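Q: can't give you the sequence, but here's the structure:
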């Protein structure tokens, strides 16, 4: 009895499920749209023949196969949007709505009839609107896009978009990024935002860090050649506004951009999809071979006479303060330029602009490639900053000048420390601080440390101020008094003659003893270097090495450096000759610029290490 | 639920009815599912859409085909014939072995095995077994001509524009 009942119920349930599946699979929404369209079209028909052909029509999947532009596309959008090319449906609502005609798209009006420039049968739909052309269901075709059809870039689903940007990501102008897939001209009239975005890419200095094939060579940030393919506009917008919202480790600076500028940049970035429909792989290859030069817009200006005032303007326009500090603006990445006129001279600044690494070998500052005149103007403007600060106590000085890199707590972790190489000294490390002669600290304060971001404060601070700040550091951070070290036996200059044999012997020792930390390339990036603080020295930092005396190198190698991982190599059996050889080897890696012409006489840099780079 | 033993004497017909109804319902459910499943499978056999060249396509405005024109669109395998205000689309696929026939002075001529057709596509010589097909030509609402190769019409049926 109950078996029969349950069988009856079960079979009915199976029937219902079957029915639902059948309904879901075979009775589609698009069929309803098409039926509605046919009904309307029949009532609008004027001739019998037309009516007959409508009667004969049955709902079916309409598709456009586009083979001309890049990979072939299959667009079935017209299955639902069946009236998109039927001018009688302009008053109807989507999906039975006529696609608008617009002179800006190249459509032409002739005797009251519009003719499309981009025929749907040739171009398809997704070439402009993106989305998934094969989707026959709203979700699969559009995503859950609230802004459909403007812009519908990508298969968008806005549920997770940040409310702060969401409202700004709507509007037909975003579709210019797709126009630019074929219309690649630099200033195509139909894509003003792409043009503006490209300008901004250069004006704001984006090209310094980012590479876009055929446009720029930056290596610090990610390659943006295909950025439009990978990211949706919400990400592009959000990441441009505040990079750290999306990636906690990003060090891209926050730029001071208004909404219009961001929009232009987003549209420009969205248009970067690697390859354009208009170009072949051969065109791409040619572009790759082509030497990229900066567009004429960068650096060119009506008023080309270099002047400090123009430099001021350029500093504001080119977003220098996105990284640097200047007055009350601070990008929290690179050094303070507020007293640059007292710190650097003309030569230094000009040379540093053209190749930052010629002065600070591990600097991350990009080569921006501005014109000579622009560099001149910026240099003049920076050199005009000659007002020394008026700090009364050591504490004030420290907080005003030192804390930005060395940190409020003196632990070498100021806001900029991640981006400086070598990193700022940890002033709380008593073992280091108490064993170095006071003279050395005062010299570093006065003359700076060449090859690093420590600037010479000689003209910014008076002797007394420098002494005060050192006292403050010792009192507040070191908290221990100076230790008197035992007398050390260290020669004033390297007793071992600088000969090829000595350099080779030094290299042998270096390879056996030093590469673990200092690295095989002697760039301070050996396998152990990551666990060491402070990091091992980059021994190819010529500015630093050439400034360091033999005596100091001897001391550091023989007795180690207290407060760092550098051990006392005397204890590991290195003799004075060994150390002399090592120093000769290190010197051979860093030829002195003045000695360069006489290189023929000095041992050649043909050691295996150099070759192995 | 009633105890069958207790209601046996007078409940027998009712029990039988109930049993009948239940078996009828189960039968209906299972048979219905089978029918739907069979239908679904049958529908699935024929693809609703394929990726081949579309059989229905737009070929441009009537003005593109001046009166007297016989323009063969080889990639579409169709020839558009215009005679005054009358337009027609004639297949250019030879009915013999499927070569593309060329437009000739007398009509169509196949380059492969020498089949000849007259202006309306009727066979006048060669191995071709049948006349060339005529396809339905309609004027779409946007003013363009649409050829539907899925829809063959009888020869001599023109579209008036």
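A: Looks like it came in fine. Not measured: the values here are computed from a predicted model.
Q: burial of whatever residue of chain A ends up closest to chain B, as a residue count?
A: Nearest residue of chain A to chain B, counting by CB to the nearest CB: residue A:11, 2.9 Å away. (Glycine included, C-beta is placed from N, CA and C.) If you count neighbours by other CB atoms under 10 Å in any protein chain shown, residue A:11 ends up with 20.
Q: so what's the nearest residue to it once chain neighbours are set aside up against?
A: Distances taken as CB to CB, 6 or more residues apart in numbering or on different chains put residue B:29 closest to residue A:11, at 2.9 Å, once the chain neighbours are dropped. For residue B:29, the contact set (CB atoms under 8 Å, 6 or more residues apart in numbering or on different chains) comprises A:8, A:10-15.
Q: immediately after the helix or strand hosting residue A:260, which helix or strand?
A: Per DSSP states H and E, residue A:260 falls inside helix A:259-270. Following helix A:259-270 in sequence order, the next helix or strand is helix A:281-289 (DSSP H and E).
Q: that older thread, buried subset of the contacts of residue B:29?
A: A:8, A:11-12, A:14-15 (16 or more other CB atoms under 10 Å in any protein chain shown).
Q: could you dump the residues you listed to a markdown table with distance to residue B:61, secondary structure and pLDDT?
A: Shown next, in a markdown table, are the buried ones among the contacts of residue B:29 (distance: CB to CB, whole Å; DSSP: H, G, I helix; E, B strand; the rest coil; pLDDT from 0 to 100):
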| residue | distance to residue B:61 | secondary structure | pLDDT |
| --- | --- | --- | --- |
| A:8 | 64 | helix | 89 |
| A:11 | 59 | helix | 91 |
| A:12 | 58 | helix | 92 |
| A:14 | 55 | helix | 92 |
| A:15 | 53 | helix | 93 |
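Q: export those to TSV and append columns for distance to residue A:123.
A: Listed next are these as TSV, based on distance: CB to CB, whole Å:
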residue	distance to residue A:123
A:8	57
A:11	52
A:12	51
A:14	47
A:15	47
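Q: please parse chain B into its domains.
A: B:1-46, B:56-160 (automatic domain parsing).
Q: follow-up on the earlier one: return the residues in contact with the residue of chain A closest to chain B.
A: B:25-30, B:33.
Q: pick the one among those closest to chain A.
A: Proximity of the contacts of residue A:11 to chain A (CB to the nearest CB) peaks at residue B:29, which lies at 2.9 Å.
Q: ok, that closest one to residue B:43 distance?
A: Counting by CB to CB, to the nearest Å, the gap from residue B:29 to residue B:43 is 21 Å.
Q: same check, this time on residue A:548
A: Distance from residue A:548 to residue B:43, counting by CB to CB: 84 Å.
Q: residue A:250 contacts residue A:242, correct?
A: No - counting by CB atoms under 8 Å, residue A:250 does not reach residue A:242; the two are 9.3 Å apart.
Q: list the helices and strands the helix or strand harbouring residue A:51 packs on?
A: Assigned by DSSP H and E, residue A:51 falls within helix A:48-56. Judged by 3 or more CB pairs under 8 Å, 6 or more residues apart in numbering or on different chains; DSSP states H and E, the packing partners of helix A:48-56 are helix A:29-44, strand B:134-139.
Q: can you list contacts of it?
A: Outside of helix A:48-56, the residues within contact range by CB under 8 Å, 6+ apart are A:38, A:41-42, A:45, B:136, B:138-139, B:151, B:159.
Q: just those now: which is nearest residue B:39?
A: Distance to residue B:39, by CB to CB, is smallest for residue A:38 among the contacts of helix A:48-56, at 24.1 Å.
Q: looks like residue A:75 contacts residue A:128 (just checking).
A: No - if you go by CB under 8 Å, residue A:75 and residue A:128 don't touch, sitting 10.5 Å apart.
Q: neighbours of residue B:44, how many?
A: Quick note: residue B:44 (other CB under 10 Å) scores 11 neighbours.
Q: just checking, it is part of a helix?
A: Yes - under the criterion used here (DSSP: H, G, I helix; E, B strand; the rest coil), residue B:44 sits inside a helix.
Q: that older thread, now, of the helices and strands packed on helix A:48-56, which is deepest in the fold?
A: Ranked by mean neighbour count, the helices and strands packed on helix A:48-56 are led by strand B:134-139 with a mean of 21 (mean count of other CB atoms under 10 Å in any protein chain shown).
Q: buried residues, the helix or strand following it. List them.
A: Counting by DSSP H and E, the element after strand B:134-139 in chain order, helix or strand, is strand B:145-153. Across strand B:145-153, burial judged by 16+ other CB under 10 Å covers B:145-149, B:151, B:153.
Q: tell me the least confident of these?
A: On pLDDT alone, residue B:151 ranks lowest of the buried residues of strand B:145-153, at 86.
Q: distance check, that one against chain A.
A: Using CB to the nearest CB, to the nearest Å, residue B:151 is found at 8 Å from chain A.
Q: I'd guessed that residue sits against residue B:137; true?
A: No - Residue B:151 is beyond contact range of residue B:137, at 9.5 Å (criterion: CB under 8 Å).
Q: what about residue A:328, how many residues nearby?
A: Neighbour count for residue A:328, taken as other CB under 10 Å: 7.
Q: show me what contacts it?
A: Applying CB under 8 Å, 6+ apart, no residues contact residue A:328.
Q: quick one: mean pLDDT for stretch A:245-252?
A: Average pLDDT, stretch A:245-252: 85.
Q: re earlier: now, of the contacts of residue A:11, which are buried?
A: B:25-26, B:29-30, B:33.
Q: on that earlier part again, averaged pLDDT, the helix holding residue A:51. What do you get?
A: 80.
Q: centre of the chain to that helix, how far?
A: Taking the mean of its C-alpha atoms, helix A:48-56 sits 60 Å from the chain's own mean (CA atoms, centre = their mean, to the nearest Å).
Q: run through chain B and note the low-pLDDT ranges.
A: Across chain B, the ranges flagged by pLDDT under 70 are B:1-12.
Q: near chain A, which residues of it?
A: Applying CB under 8 Å from any CB of the partner chain, we find that chain B lies next to chain A at B:1, B:4, B:19, B:22-23, B:25-30, B:32-33, B:36-37, B:39-40, B:43, B:48-49, B:51, B:53-54, B:57-58, B:136, B:138-143, B:151, B:159.
Q: if we go to 6 Å?
A: Applying CB under 6 Å from any CB of the partner chain, we find that chain B lies next to chain A at B:22, B:25-26, B:29-30, B:32-33, B:36, B:40, B:48-49, B:58, B:138, B:141-142.
Q: let me know the closest of those to residue B:131.
A: Using CB to CB, those come closest to residue B:131 at residue B:138, 21.8 Å.
Q: show the contacting residues for the closest one.
A: Going by CB atoms under 6 Å, 6 or more residues apart in numbering or on different chains, residue B:138 touches A:53, B:146.
Q: mind running it again at 10 Å?
A: By CB atoms under 10 Å, 6 or more residues apart in numbering or on different chains, residue B:138 lies in contact with A:49-50, A:52-54, A:56-57, B:56, B:89, B:144-148, B:151, B:159.
Q: same check on residue A:150?
A: Residue A:150 is in contact with A:129, A:170-175, counting by CB under 10 Å, 6+ apart.
Q: tell me the buried residues in the helix holding residue A:51?
A: A:50, A:53-54.
Q: ok, now stretch A:136-153?
A: Neighbour-count burial for stretch A:136-153 flags A:136, A:141-143, A:145, A:147-149, A:151-153 (criterion: 16+ other CB under 10 Å).
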